[in-house]
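Engineer: sequence and predicted structure below; questions after.
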Amino acid sequence: MRQRVYRSDVINTCEQKGSLFFQDKKEEEEEKVDSSLGRILKLNKPETIYIILGCIGSLVNGGVMPGFAIIFSEILGVSLNLVSTAYIAT
């Protein structure tokens, strides 16, 4: 019969033995620096033109499908209107 081993038991055992893995994890958590949006934008200042062009390109790309939908619906509306008037005329 197998004995169940839970993750918390393994973590507690490794922490008690002073596992290097968990010591590294604790050091990584302590080294984390709070990064604000302003600091990130300041670091990306050389790429500002690419960010602006990317935003404009994504706006254009996002507007293409709705534009096609409007144009296609107008084409269908005109063609259906012509078909209905053709039936009325005959």
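Structural biologist: Received it, and whenever you're ready, just let me know what you need.

Engineer: how much space between N44 and I70?
Structural biologist: In this view, N44 and I70 are 36 Å apart by Cβ to Cβ, to the nearest Å. The C-beta positions use only the backbone N, C-alpha and C, and glycine is treated the same way.

Engineer: let me redo that: N61
Structural biologist: With Cβ to Cβ as the criterion, N61 and I70 are 16 Å apart.

Engineer: again with S36
Structural biologist: In this structure, S36 and I70 are 41 Å apart, going by Cβ to Cβ.

Engineer: again, but for P46
Structural biologist: From P46 to I70 the distance is 39 Å (Cβ to Cβ).

Engineer: and the two? Which one has more around it.
Structural biologist: I70 (10 against 7; other Cβ atoms under 10 Å).

Engineer: tell me the pLDDT of that one.
Structural biologist: Note on I70: pLDDT of 94.

Engineer: what's the helix or strand harbouring it packed up against?
Structural biologist: Using DSSP states H and E, the element containing I70 is helix 48-89. Contacts defined by 3 or more Cβ pairs under 8 Å, 6 or more residues apart in numbering; DSSP states H and E place helix 48-89 against no helix or strand at all.
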